[in-house]
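> only geometry, no sequence info:
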């Protein structure tokens with residue numbers, strides 16, 4: 001953050017607002033969390049979806065903005081950076097799994113299966 005003295009100090013930034021939406025215009029499914037600044041860090045991260053709150057196959061849009069004393073009560077002010085990510089789920093198990101010995105080939109087994117019923121991408 002700009003200290004007004006020609007230098008930047010991490011402590012000048014009180015924290016960050018991370019806003020998630022399900023559309024690029026940030027009008028649908030909007031939630032916002034605050035990530036605090038410990039005062040000495042220069043790199044930050046936030047993990048969304050802990051506890052399974054994201055839906056597989058859904059694209060989420062994120063907006064990150066810094067907060068300082070001038071905008072502490074507003075949640076954020078000034079410029080924000082946007083990005084997006086598609087949530088991935090876990091595919092179900094493959095179906096119709098079978099195994100058989102291969103005739104004439106000792107110590108060999110042949111495995112067969114079909115695609116899982118869900119791919120983990122919201123299908």
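Arrived safely, thanks for sending. Note that the coordinates shown come from a computational prediction; the quantities given were computed from them, not determined experimentally. Numbers count the residues shown, from 1 in each chain.

> switch to C-alpha atoms for all contacts and neighbour counts from now on
OK.

> Excluding chain neighbours, what is closest to residue 109?
Once flanking residues are discounted, residue 109 sits nearest to residue 101: 4.5 Å by C-alpha to C-alpha, 6 or more residues apart in numbering.

> Report the separation between that neighbour and residue 108.
Distance, residue 101 to residue 108, using C-alpha to C-alpha, to the nearest Å: 6 Å.

> Find the residues that touch each one of those two.
Residues touching both residue 101 and residue 108 (C-alpha atoms under 8 Å, 6 or more residues apart in numbering): none.

> for the residue nearest to residue 109, phi and psi?
Dihedral pair for residue 101: phi -70, psi 150, per degrees, to the nearest 10.

> what does residue 112 give?
Backbone geometry at residue 112, expressed as degrees, to the nearest 10, gives phi -130, psi 150.

> residues near it, how many?
When neighbours are defined as other C-alpha atoms under 10 Å, residue 112 has 11 of them.

> got a list of what it touches?
Residue 112 is in contact with 96-99, counting by C-alpha under 8 Å, 6+ apart.

> bridging residues for it?
Applying DSSP bridges to residue 112 gives these bridge partners: residue 98.

> Now do the same for the residue nearest the centre of the chain: its pLDDT.
What sits nearest the mean C-alpha location of the chain, by C-alpha atoms, centre = their mean, is residue 48, with 4.9 Å. At residue 48, the pLDDT value in this model is 88.

> In space, what's closest to it - neighbours in sequence excluded?
Spatial nearest neighbour of residue 48, chain neighbours left out: residue 54 (7.9 Å); criterion: C-alpha to C-alpha, 6+ apart.

> Verify the stated contact: the one you found with residue 85.
No - Residue 54 lies out of contact with residue 85 (C-alpha atoms under 8 Å); the separation is 10.8 Å.
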